[in-house]
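*Asks:* I'll drop the sequence and a predicted model, then ask my questions.
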Amino acid sequence: MKLVVTGGAGYVGSVCARVLIEAGHQVTVVDNLSVGNRDAVPAEAEFVEGDISAVADDLLAGTEFDGVLHFAAKSLVGESVHHPELYWQGNVVESLALLEAIRVHQVPRLVFSSTAATYGEPDSVPIVESSPTRPTNAYGATKLAIDHAITSYTVAHDLAAVSLRYFNVAGAYAGAGENRPVETHLIPLVLQAALGHRDKVSIFGTDYPTDDGTAIRDYIHIYDLAQAHLLALAAATPGRHAIYNLGSGTGFSVRQVIDTCREVTDIDIPVVETSRRAGDPAVLIASSDKAIAELGWQPDKTELAGIVTDAWDYIRALGDRAHSARS
Ligand code: UDP
């Protein structure tokens, strides 16, 4: 298929673009490079630099695309609490521009990066797709708003759409991994501390109602996540907006993640305990049963140590490259 990948210079978008190309698809990446890296865009992909609202209409008018995979987004929970305006503008307004270009130029398929943050603090875990959606931060609220917009477009305009609600994506694939200008995610931060690029890691909150007092998340390998996008693209059905959770189904606390990083790296990473981060729920664990049943998805790399090992190999190679570029 001929596909547009928005956000294809970012972590998730660039790995998915790579996996789509490996599966034989033709990919055009759209990215404004606000957080993405031009180097992360696969060499085989076309590249268009710019905001979606500036470039999508012309791009979709000029070529008959079979589908769009929409990853471009602002995605930092903490930032979204303090600067919601950036999220309503950057996520909702930009996504509405994309949906309009898709409608006007009759692109038949859309796969959207939604998130576990749409559910907020769950009544029970694992979280299924019919769980209440009560986001606790603007990031989740904007992703949920986009999901609602997509639903109404699929019904009215016969779009075939799938939203994939990611839990905590981590790991690396084929030399592509987490490399953001400002890092806020737990696993890369812990591994950067192991490398000595940071003094220590902060544990945000030790008073959660969990066994060790720290928040629990469900970590999913980036390669398994990318495979779900291939399946979603194939399964998308006109007039239907299907929503699937993607996680491993197992939760790990912040302390367990740090311990796993210590084991994998064999480095005694220094930590400090601090207060909770605004907008963070206590426990998020996915039920991915629907994706497994309907898409035939089979997550393969579900061991946390394996996810951390891939991230560690990537982050060390990145450190070596930065070092040889400087010397
Ligand atoms: N976290 C932490 N210290 C950090 C970064 C994150 O304790 O320096 C915690 C965070 O509060 C959350 C978990 O680690 O409970 C995962 O956070 P991350 O930002 O990686 O992903 P999120 O769950 O926000 O999507």
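*Replies:* Ah, there it is. This is a predicted model, so every value here is computed, not measured.

*Asks:* show the contacting residues for the nearest residue to His105 once chain neighbours are set aside.
*Replies:* The spatially closest residue to His105, leaving aside those adjacent along the chain, is Leu60, at 3.9 Å (C-beta to C-beta, 6 or more residues apart in numbering). All C-beta atoms are positioned from the backbone trio N, CA, C, and that covers glycine. Shown in contact with Leu60 (C-beta atoms under 8 Å, 6 or more residues apart in numbering): Val4, Ala101, Ile102, Val104, His105, Val107.

*Asks:* up against the ligand, what does the stretch 151-300 of the chain have?
*Replies:* Within the stretch 151-300 of the chain, the positions lying close to the ligand (C-beta under 6 Å from any ligand atom) are 168, 184-186, 189, 201-204, 215, 217, 254, 277, 280.

*Asks:* now for those: which two are most distant?
*Replies:* Greatest spatial distance among these (C-beta to C-beta): Asn168 and Ser202, at 17.1 Å.

*Asks:* what's the spacing between the residue nearest to His105 and Leu110?
*Replies:* Distance, Leu60 to Leu110, using C-beta to C-beta, to the nearest Å: 12 Å.

*Asks:* and Ala282, by the same measure?
*Replies:* Distance from Ala282 to Leu110, by C-beta to C-beta: 32 Å.

*Asks:* who's more crowded, these two?
*Replies:* Neighbours per residue, other C-beta atoms under 10 Å: of Ala282 and Leu110, the larger number sits with Leu110, 25 against 17.

*Asks:* which residues of this protein fall in helices?
*Replies:* According to DSSP state H, the chain carries its helices in the segments 11-22, 52-62, 77-82, 84-87, 94-104, 138-157, 186-195, 222-235, 254-265, 289-290, 304-326.

*Asks:* more neighbours: Asn168 and Ser202, which one.
*Replies:* Set side by side, Asn168 and Ser202 show more neighbours around Asn168, with 21 against 16, by other C-beta under 10 Å.

*Asks:* who does that one form a beta bridge with?
*Replies:* Beta-bridge pairing of Asn168 under DSSP bridges involves Tyr219.

*Asks:* what sits against it?
*Replies:* For Asn168, the contacting residues are Ala116, His185, Leu186, Arg217, Asp218, Tyr219, Ile220, Gly247, Leu284, by C-beta under 8 Å, 6+ apart.

*Asks:* got those residues as TSV, with neighbour count and pLDDT columns?
*Replies:* Output for those, formatted as TSV (neighbours: other C-beta atoms under 10 Å; pLDDT from 0 to 100):
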residue	neighbour count	pLDDT
Ala116	25	96
His185	17	95
Leu186	22	97
Arg217	25	97
Asp218	26	98
Tyr219	24	98
Ile220	28	98
Gly247	28	97
Leu284	24	95
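
*Asks:* nearest to Ser34 among those?
*Replies:* For these, the nearest to Ser34 is His185 (16.9 Å; C-beta to C-beta).

*Asks:* any idea how far Val107 is from Pro238?
*Replies:* Distance from Pro238 to Val107, by C-beta to C-beta: 12 Å.

*Asks:* what does Gly213 give?
*Replies:* 47 Å.

*Asks:* ok, the two, which is more surrounded?
*Replies:* With neighbours defined as other C-beta under 10 Å, Gly213 and Val107 compare such that Val107 has more, 24 against 16.

*Asks:* contacting residues for the nearest residue to that one once chain neighbours are set aside?
*Replies:* Among residues not flanking Val107 along the chain, Phe65 sits closest, at 5.2 Å (C-beta to C-beta, 6+ apart). For Phe65, the contact set (C-beta under 8 Å, 6+ apart) comprises Lys2, Leu3, Val4, Thr28, His105, Val107.

*Asks:* now Leu304
*Replies:* Per C-beta under 8 Å, 6+ apart, neighbours of Leu304: Tyr219, Thr250, Phe252, Gln256, Val257, Thr260.
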